[in-house]
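J.: Based on what follows, work out the 3D shape:
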Amino acid sequence: MSKIKNTFLNMPRRRFLQTMGGAGATAFGLGACAMPGGFRTSGQDLIDPPVEKSHDGLLDTRVTAQYGSYQLGGKDVYLRSYNGNPCGNTLDFKAGDTVRLKLVNNLPFEPFSDVCIVEPGQENTPRSFNATNMHVHGLHVSPKSPADNILLTVNTGEDYQYEYNIPPNHPPGTYFYHAHVHGSTAIQVASGMAGCIIVRGDLDEIPEIKAAKERVLMIQTQRFDDNGRCESFGILNNEDKTFINGQDKPTIRIKKGEVQRWRIVNASHMMPFDLRIESFRYTTSMPMTLLCRDGNPLPHTTEIEHLQMVAGNRADVLVKGFDPGTYFLSGGDSSGIIATVIVEDDAVPDMSLYAGPLPQVPELTPIAESEVTYGRRLEFGFAYGEQPKFTINDEPFSCETPWRIPLNSVEEWEVYNHTAYPHPFHIHVNPFQVISGGNVAPGTWMDTLEFPAFERIKFRTRFLDFTGTFVFHCHNLMHEDMGMMQAVEVFDPKA
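T.: Reported below is the predicted structural model:
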């Protein structure tokens, strides 16, 4: 991912003109906006997705996979969706709560049996675009049914009752949910089948943080053809617009002296972003205060000028309105401007921008080398052939060859990217502590990490709480559908 000092000074002229073309003083942000009761073509201001909150320790919700008709960037589209909207509702609950999520598949009929039962020759190929399921990305919950089992399939006309018991010590922060049937993951997420998850805990009770207005920024890269459809795997690799909450370049307003907490989700099927709040008037960026990476609170707040996020990453940041004026949220060279940020001159009583230590979760204490019980070296690769495959240790995904790991193991993995493609590495269920690589500070806890071409990452992780089968994979979901995924089976050796 490129590092830039000033997006506008380094942006190719053609990209700059595409980004700014036709955008007068009132044209930024025209697009589809999240509105209770449906969608409409809207004006500038960012509209957060509807929120569903838990009550008395329970969040009971229903998510319907269906085609939705709405506008994206002024274009009429007809795309696979959750509840007929560009992105799903935000699910907001506390550590220790129970979440019951009924997934209903109302997509058109398409024959499909099982992720692990595939016609010969169809293994690790894009297929079965109307079969679906649910993955709660980043949540530390059981991989067994009825929880985060991504090997089950919900076919057309079926529903499935998921139930997640959120541990009382779960890290507070931002997560998300999305479709995850192997073979259809990329096309469904690239259509918009994703929604934000908020887990609340002690961090949210810090007075300065609690007082901040919260904004959800679901960054997505819906892909569709001239007819507004996404029916071909081939169009997923096209460069195109970036949307936030289903809006094209929305406006985020902050009053002078106000502090906002942005919950940012990179829900793209493949795109990385290098987020920076910049101004035409200045060569410096508006600073952000980083609280959490991938839902995991940092030991201490960190002031940053830009934030690199690969597909699947999340971040919680505080933003304060200092100097009134118009700024721009840039996603980096590949995406240009993705939102306008206006600091309004109508001042509010000056709010404190929190800087200090953050509550820590005991399970995220540093992993010393002496704690490691096993080490692994693995390679991400690519196999040429009639049906090219992305591989892990020279093999594409198979349900028949899970890695067996004993419960209570602590492992150190060194992963080498043997390809010319960058790969966002993501593992389900258990976060990991970065030792080196990935363009983050060593010691940071993540569940998704940048993995540049021909480079290595090293991390340590604990397998303490849950048995069952889950996966790690490339979160460029096109690569995952084409084989870059590996199953892991954690078992209790005493059972």
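
J.: Between its first and last residues, how far does stretch 50-67 reach?
T.: 19 Å (Cα to Cα, to the nearest Å).

J.: what's it in contact with?
T.: The contact list for stretch 50-67 (Cβ atoms under 8 Å, 6 or more residues apart in numbering) reads 34, 36, 78-84, 88-94, 96-108, 132, 134, 154, 177, 179, 188, 193, 195. Backbone N, C-alpha and C define where each C-beta goes, glycine included.

J.: Okay, helices next: where are they in the stretch 51-200 of the chain?
T.: Along the stretch 51-200 of the chain, counting by DSSP state H, counting those that start in this stretch, helices occupy 185-189.

J.: Run through the strands of it in chain order.
T.: Assigned strands in the stretch 51-200 of the chain, in chain order: 51-53, 58-72, 75-82, 90-94, 98-105, 135-137, 159-165, 173-178, 194-200 (criterion: DSSP state E, counting those that start in this stretch).

J.: So which bits of the first one are buried?
T.: Of the residues in strand 51-53, those with enough neighbours to count as buried (16 or more other Cβ atoms under 10 Å) are residue 52.

J.: Pull the distance from that strand to the chain's centre.
T.: Taking Cα atoms, centre = their mean, to the nearest Å, one finds strand 51-53 lying 19 Å from the centre of the chain it belongs to.

J.: again with the last one
T.: Distance of strand 194-200 from its chain centroid, counting by Cα atoms, centre = their mean, is 10 Å.

J.: chain center to the helix or strand just after it, what's the gap?
T.: For strand 194-200, the following helix or strand on the C-terminal side (DSSP states H and E) is helix 207-210. Average the C-alpha atoms of helix 207-210, do the same for its chain, and the two points are 25 Å apart (Cα atoms, centre = their mean).

J.: List the contacts of helix 207-210.
T.: Residues contacting helix 207-210 (Cβ under 8 Å, 6+ apart): 203-204, 259, 261, 291, 318, 351-354.

J.: partner strands of the following helix or strand past it, parallel or antiparallel?
T.: Proceeding N to C from helix 207-210, the next assigned helix or strand is strand 213-220, under DSSP H and E. According to DSSP bridges, strand 213-220 forms sheet pairs with strand 243-244 (antiparallel), strand 259-266 (parallel).

J.: With mean pLDDT, distance to residue 361 and mean neighbour count as extra columns, can I get those in TSV?
T.: Below are the strands paired with strand 213-220 laid out as TSV (pLDDT from 0 to 100; distance: least, Cβ to Cβ, whole Å; neighbours: other Cβ atoms under 10 Å):
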stretch	mean pLDDT	distance to residue 361	mean neighbour count
strand 243-244	97	29	26
strand 259-266	98	18	24
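
J.: Below-threshold pLDDT in the stretch 101-250 of the chain: ranges please.
T.: 113 (pLDDT under 70).

J.: picking that back up, can you select the buried ones from the contacts of stretch 50-67 in PyMOL?
T.: Burial among those is assessed by 16+ other Cβ under 10 Å; the matching PyMOL selection reads:
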select buried, resi 34+78+79+80+81+82+83+88+89+90+91+92+93+94+96+97+99+101+103+104+105+107+132+134+154+177+179+188+193+195
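
J.: circling back to that earlier point, of all the strands paired with strand 213-220, which lies closest to residue 169?
T.: strand 259-266 (20.6 Å; Cβ to Cβ).

J.: Centre of the chain to that closest one, how far?
T.: Worked out by Cα atoms, centre = their mean, strand 259-266 lies 13 Å from the chain centre.

J.: Let me know the angle separating that strand from strand 90-94.
T.: Interaxial angle of strand 259-266 relative to strand 90-94 (axes from the mean of the first three to the mean of the last three Cα atoms, to 10 degrees): 110 degrees.
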